[in-house]
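A.B. asks: Next comes the sequence, and after it the predicted model I'd like to discuss.
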Amino acid sequence: MSMNFVLVPGAGGDAHYWHLVTPLLREAGHRVVAPDLPAEDDAAGLGEYADAIVAAAAGEERVVLVAQSMGAFSAPIAVERLDVEQMVLVAPMIPAPGESPGTWWSATGQDVAAREAAVAEGRDPDAPFDVRETFLHDVPEPVIEDLFARGERPETSAAFEDTWPLAGWPDLPTRVIAGRHDRLFPLPFMQTVSRDRLGVEPEIVDSGHLPALSVPAALAARLMSPG
């Protein structure tokens, strides 16, 4: 059966994140919409991000709303204005009421979890941030070169400071996909957050934080599966 996917990017709001997954879903006969979010707009907060999702998905029926990382903050805000059948969160920042993307890290204990994972894996927990080591360690080099050639889209502070406005998670089926080798959101951490905040056991793919870039075929297959 054909599915209607709306693919929401994470921080930076660049729909290019999904460029390897989109053709795989379309080749399998599904409709795909992958909107850019207005991350470069100093006045844009979570509400404006949700507006962009709604505008891109207008008219779509029985939507499978997929959100990567920080996209989990804005995607649920769009639900009440779309015909959403289910949500799929990929390596997500799962929000709690009253939380902002900026406060989420300390509220969930991400810093402690990432440090413990680095020590356990023999990495220096005090090493300066390195985008290759944290995000791109399992992404093929040609894909990395393409990303660097495009340049990074900035994320304004407005979205990070915006409080998540919902009283709770939308009442619809929600799946979580976690990366087994995610260095930003280590798997045990992601399992705990998913269980505590959604009562959901994450499905696991063999990837780091960016499975759409590192294992697009495996992620596409997971998105098309019933869960």
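C.D. replies: Structure received. Numbers count the residues shown, from 1 in each chain.
A.B. asks: residue nearest the centroid of the chain?
C.D. replies: Nearest residue to the geometric centre of the chain (Cα atoms, centre = their mean): Gln68, 1.1 Å.
A.B. asks: Bridge partners for it, pull those for me.
C.D. replies: In this structure, Gln68 has the following beta-bridge partners (DSSP bridges): Val90.
A.B. asks: do Glu203 as well
C.D. replies: As for beta bridges, Glu203 partners with Ile177 under DSSP bridges.
A.B. asks: for the chain, what spans make up the helices?
C.D. replies: Defined through DSSP state H, the helices belonging to the chain, from first to last, are 22-27, 46-57, 71-78, 101-108, 110-120, 131-134, 141-150, 157-161, 187-198, 211-214, 216-224.
A.B. asks: Turn those helices into CSV, including mean neighbour count and distance to His16.
C.D. replies: In short, each C-beta sits where N, CA and C put it, glycine included. Output for the helices of the chain, formatted as CSV (neighbours: other Cβ atoms under 10 Å; distance: least, Cβ to Cβ, whole Å):
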stretch, mean neighbour count, distance to His16
helix 22-27, 16, 10
helix 46-57, 20, 14
helix 71-78, 26, 14
helix 101-108, 16, 21
helix 110-120, 15, 25
helix 131-134, 14, 16
helix 141-150, 12, 7
helix 157-161, 17, 18
helix 187-198, 18, 24
helix 211-214, 26, 10
helix 216-224, 19, 13
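A.B. asks: Lowest average confidence across the ones you listed, which one?
C.D. replies: Within those, confidence is poorest for helix 157-161, with a mean of 86 (mean pLDDT).
A.B. asks: Outside of it itself, list whatever touches it.
C.D. replies: The set of residues external to helix 157-161 that reach it, using Cβ atoms under 8 Å, 6 or more residues apart in numbering, is 39, 41-46, 49, 70, 73-74, 100-102.
A.B. asks: Kindly indicate which of those residues lies nearest Val90.
C.D. replies: Nearest to Val90 among these, counting by Cβ to Cβ, is Met70 at 11.1 Å.
A.B. asks: thinking again about what came up before, let's have the helices of the chain in CSV, adding distance to Gly168.
C.D. replies: Compiled in CSV, the helices of the chain are given as follows (distance: least, Cβ to Cβ, whole Å):
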stretch, distance to Gly168
helix 22-27, 30
helix 46-57, 16
helix 71-78, 9
helix 101-108, 16
helix 110-120, 21
helix 131-134, 31
helix 141-150, 35
helix 157-161, 21
helix 187-198, 10
helix 211-214, 27
helix 216-224, 25
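A.B. asks: Of all those, which one comes closest to Asp171?
C.D. replies: If you check each of these against Asp171 by Cβ to Cβ, helix 71-78 wins as the nearest, at 10.6 Å.
A.B. asks: sorry, back to before: thought the residue nearest to the centre of the chain was touching Gly13?
C.D. replies: No. Under the criterion of Cβ atoms under 8 Å, Gln68 is not in contact with Gly13, lying 10.5 Å apart.
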